[in-house]
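>>> quick check, what structure comes out for this input:
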Amino acid sequence: MEKKAVIIDHLTFTYAGASKPSLRDVSFEIKEGEFVAILGKTGAGKSSLLRVISGAIPHFYKGELKGEVRIDGLEPRSVSLSELAKHVGYVCEDPEIHIVSFTVEEDIAFGPINLNLPEHEVRRRIDFALEATKLKGLERRNPYHLSGGEKQSLAIAGVLALLPKIMALDEPTAMLDPLGKKRIYSIVKELNEKYRKTIIMAGQEVEIIFEFIPRVLVLAEGEVIYDGSPRELVEERQILKRAGLRCPPVTELAWRLREAGKWDEPLPLTLREAHQQILNKMAHKAKLTKTVISKSAGLTNKHRQIAIKVRNLYHIYPDGTRALNGVNIDIGRGEFVAIIGENGSGKTTLAMHIAGLLKPTNPDAEINVCGIDVTRAPMREIVKRVSYVFQNPDIQLFSRSVYEELSYGPRNLGIPEQEIDERVRNVLKMLELEQYTNMWPRELDRGKRLRVALGSLLTINPEILIVDEPTTGQDWEESRYLMNVLSNLNKKGLTVLFITHDMDLVAEFAHRAIVLHQGRIIADGPPSKVFYDPEALKKTDVEPPQIIRLTMELQRQGVPQYILTVQELYNYLVEVLS
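Predicted coordinates for the structure are as follows:
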């Protein structure tokens, strides 16, 4: 008889002070050694469920907990957190929360030492965790000097050193570049297969999850609305819609072809499956010569007024990290630009220089933004022209209400109160925040907090808006909502720069992509050019969107280059298959 690692029976949980439950009548079981993904939009209850499994609820997060919970045979309410930690390890979305020491080795040792284990056992566990998470060779490194993927690996290693049977991971790849994401999924998959760990993992990367994780739980408004395989889930369009989930792009392509009567096979979950199925369908079709013109093809700033001019920009951080190595770039007024590249490539450093938040290391650097020298201008003059939305919106939120947050900037610039009120009301309406006007911003979910941070800058009426990772930790619906807001602002003349690891959003929304690698610009142009430049992409960890990789695979069958989106490839295939 297979042992149950997790038993949840009619679980309902309401946080202290909350008006409604975060989890409602949840029931499921997870067998020992299973690998399960938890999916759902922001606020669906994923983090709350993992907190229950880890024991953080009710020991740390207080509230009313009803129903039965059994974790490796233990009832979390009846045992201490230190005892639970021997059975289940919990890894948060932000890896820096886990860092407690000044070297990788000491950080991993922290847990076993606090269990009062003998020295030889602590050493054995450190070696095991280093090996399992691919951190060997980095034992003496300062954790804060690691890459994003390495920090997340360290967070997993610190928990793994406690030798729990169960690991609960909350969006562990949300802040990582494609290489970092693959690293973490590779490690977690090996922990499951080689070391027989039970893995329960919340995430948003459906392309990877549907390929590698055999079972998914889907949450919506605190309820489990689906429990089964990804292959069966993609056939349930109503469930996907209710949960705010998207399919992998190749699955979405097949769905549209099915609706057009051009697809009668099972829906593909992976690029390999889609490629083979399309090859089979095109085998007896004549090649179709057709030019696909992407929305970004041919866009250039040559005839536009320059909004941002950067020349000979270098930046070296105090610890010796060389973040920028001679950057030269012009950005025209009204452009919509994506800044992409691996973690540590210099994206945020470049953006913060443009916003005047960092100063160049070299005195001969030139940064001119909207006619002012931001290396010398006072910040009061810079913020009138360029605004910066941080990756973590909480850094920017400090007022008692959403209204106060949005009015703070223009008030400090001396704008008359009547005009401030008008600006705030307009932005509240634009960002659909009117119902939250008098709420404390920190009470809102992450997506709404990001809207408030964005709104607090839009009321200043900047000429340039820089948004750092606007979709990190957001579900697909919220991500598209925010990108549509930025797109509409851009159409009204606002120059928009956004930093992102989501290449699907770059392909769909950006007019121009700037690729950074080791502090240098290695590619610059429309996405239709950048994503089809294998030499440039080979140098960095940028991976083209799945639909572009499929197009590349199909070029021998006559499918043209420069396709960027599901819709463009669908249009082509419908014509070929007719």
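>>> tally of neighbours for Val159?
25 (other CB atoms under 10 Å). From N, CA and C alone the C-beta is placed, and that goes for glycine too.
>>> name the SS class of it, please.
helix (DSSP: H, G, I helix; E, B strand; the rest coil).
>>> ok, the closest residue to it other than its chain neighbours - how many residues close by?
By the measure of CB to CB, 6 or more residues apart in numbering, the closest residue to Val159 outside its immediate chain neighbours is Gly89, 3.4 Å from it. Residues near Gly89, counting by other CB under 10 Å, number 24.
>>> which residues of the stretch 301-450 of the chain score low on pLDDT?
Within the stretch 301-450 of the chain, the segments meeting pLDDT under 70 span 301-303.
>>> can you pull out the strands in it?
Counting by DSSP state E, counting those that start in this stretch, one finds strands in the stretch 301-450 of the chain at the ranges 306-316, 322-332, 336-340, 366-369, 372-373, 386-389.
>>> and those strands: which comes nearest Thr42?
strand 386-389 (17.2 Å; CB to CB).
>>> may I have the strands that pair with the closest one, each with its orientation?
Taking DSSP bridges as the criterion, strand 386-389 forms sheet pairs with strand 464-468 (parallel).
>>> may I have the partner strand as CSV, with CA atoms only?
What follows is strand 464-468, C-alpha atoms only, in CSV (Å, rounded to 0.1, in the frame of the first residue of the first chain):
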residue,chain,number,x,y,z
ILE,A,464,9.7,58.4,-20.2
LEU,A,465,8.5,55.4,-18.2
ILE,A,466,10.9,52.5,-17.2
VAL,A,467,9.3,49.4,-15.8
ASP,A,468,11.6,46.7,-14.3
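>>> same question for it, mean pLDDT?
For strand 464-468, the mean pLDDT works out to 96.
>>> next, the angle strand 322-332 makes with it.
Angle of strand 464-468 versus strand 322-332, following axes from the mean of the first three to the mean of the last three CA atoms, to 10 degrees, is 140 degrees.
>>> start at 206, not 1
Sure, I'll start counting at 206 from here, so that last one is strand 669-673.
>>> list the pairing partners of whichever strand or helix holds the residue nearest to Val364 within its sheet, with orientation.
Applying DSSP states H and E as the criterion places Gly294 in strand 293-296. Take DSSP bridges as the rule and strand 293-296 pairs in its sheet with strand 371-375 (parallel).
>>> quick one: the next helix or strand after the partner strand to strand 371-375, angle?
Going down the chain from strand 371-375, the next helix or strand is helix 383-398, by DSSP H and E. Angle between the axes of helix 383-398 and strand 371-375 is 160 degrees (criterion: the same axes, to 10 degrees).
>>> what packs against the helix or strand that comes right after helix 383-398?
Remark: after helix 383-398, the chain's next helix or strand is strand 403-407, criterion DSSP H and E. If you count contacts as 3 or more CB pairs under 8 Å, 6 or more residues apart in numbering; DSSP states H and E, strand 403-407 packs onto strand 209-220, strand 228-236, strand 240-244, helix 251-259, strand 371-375, helix 383-398.
>>> for Pro731, find the nearest of these.
Closest among these, once you apply CB to CB, is helix 383-398, at 20.4 Å.
>>> what's the offset of that closest one from the middle of its chain?
16 Å (CA atoms, centre = their mean, to the nearest Å).
>>> list the buried ones in that helix?
The neighbour-count check on helix 383-398 (16 or more other CB atoms under 10 Å) flags 383-390, 392-393, 396-397 as buried.
>>> okay, the residues you listed in TSV with distance to Leu670 and pLDDT next?
Output for these, formatted as TSV (distance: CB to CB, whole Å; pLDDT from 0 to 100):
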residue	distance to Leu670	pLDDT
Pro383	25	76
Leu384	28	75
Gly385	27	75
Lys386	27	81
Lys387	31	81
Arg388	32	80
Ile389	31	85
Tyr390	33	87
Ile392	37	88
Val393	36	89
Leu396	41	90
Asn397	42	93
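>>> for those, which one is nearest Ser287?
Out of the buried residues of helix 383-398, the member with the shortest distance to Ser287 (by CB to CB) is Leu396, at 22.3 Å.
>>> report pLDDT for the residue nearest to that closest one when sequence neighbours are not counted.
In space, and not counting its chain neighbours, Leu396 is closest to Lys402: 4.5 Å by CB to CB, 6+ apart. On pLDDT, Lys402 comes in at 93.
>>> ok, Lys402 touching Leu367?
No. With contacts counted by CB atoms under 8 Å, Lys402 stays clear of Leu367, the gap being 11.7 Å.
>>> just to revisit the earlier point, nearest to Gly660, out of the strands of the stretch 506-655 of the chain?
Nearest of the strands of the stretch 506-655 of the chain (CB to CB): strand 591-594, 9.9 Å.
>>> alpha carbons of that closest one, as PDB, please.
This file holds the C-alpha atoms of strand 591-594, laid out as PDB (Å, rounded to 0.1, in the frame of the first residue of the first chain):
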ATOM      1  CA  VAL A 591      11.600  60.000 -16.400                       C
ATOM      2  CA  SER A 592       9.900  57.600 -13.900                       C
ATOM      3  CA  TYR A 593      11.100  54.200 -12.800                       C
ATOM      4  CA  VAL A 594       8.900  51.300 -11.500                       C
END
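>>> contacts for that strand, please.
Outside strand 591-594, the residues that touch it by CB atoms under 8 Å, 6 or more residues apart in numbering are 556-557, 559-562, 574-575, 579, 601, 655, 658-659, 662-663, 665, 667-673, 675.
>>> can I assume Pro263 sits in a helix?
Yes. Counting by three-state DSSP, Pro263 is part of a helix.
>>> quick one, what contacts it?
270, 281-282.
>>> and what of Lys552?
544-546, 704, 721.
>>> how much space separates the closest residue in space to Ala570 that isn't next to it in sequence from Pro568?
Nearest non-adjacent residue to Ala570, counting by CB to CB, 6+ apart: Leu518, 4.7 Å away. Using CB to CB, to the nearest Å, Leu518 is found at 12 Å from Pro568.
>>> so between those two, which is more surrounded?
Using other CB under 10 Å as the criterion, Leu518 and Pro568 rank with Leu518 on top: 25 against 7.
>>> next, the contact list for the more buried one, please.
529, 531-533, 555, 558, 565, 567, 570-572.
>>> going through these, which ones are buried?
Buried among the contacts of Leu518 by 16+ other CB under 10 Å: 529, 532, 555, 558, 565, 570, 572.
>>> which residue packs closest to the fourth one, ignoring adjacent ones?
For His558, the nearest residue in space outside its immediate sequence neighbours is Ile572; the separation is 5.9 Å by CB to CB, 6+ apart.
>>> next one: the one you found from Ile669, what distance?
12 Å.
>>> who touches both of these two?
513, 559.
>>> any idea what the residue nearest to Val364 is bridged to?
Met372.
>>> next one: Val542
Assigned bridge partners for Val542, using DSSP bridges, are Leu702, Arg717.
>>> and what of Ile404?
Under the criterion used (DSSP bridges), Ile404 bridges to Phe240, Met372.
>>> OK, contacts around it?
By CB under 8 Å, 6+ apart, Ile404 lies in contact with 239-241, 372, 374, 393, 396-397.
>>> buried set for stretch 234-250?
Result for stretch 234-250 [16+ other CB under 10 Å]: buried residues 235, 238-250.
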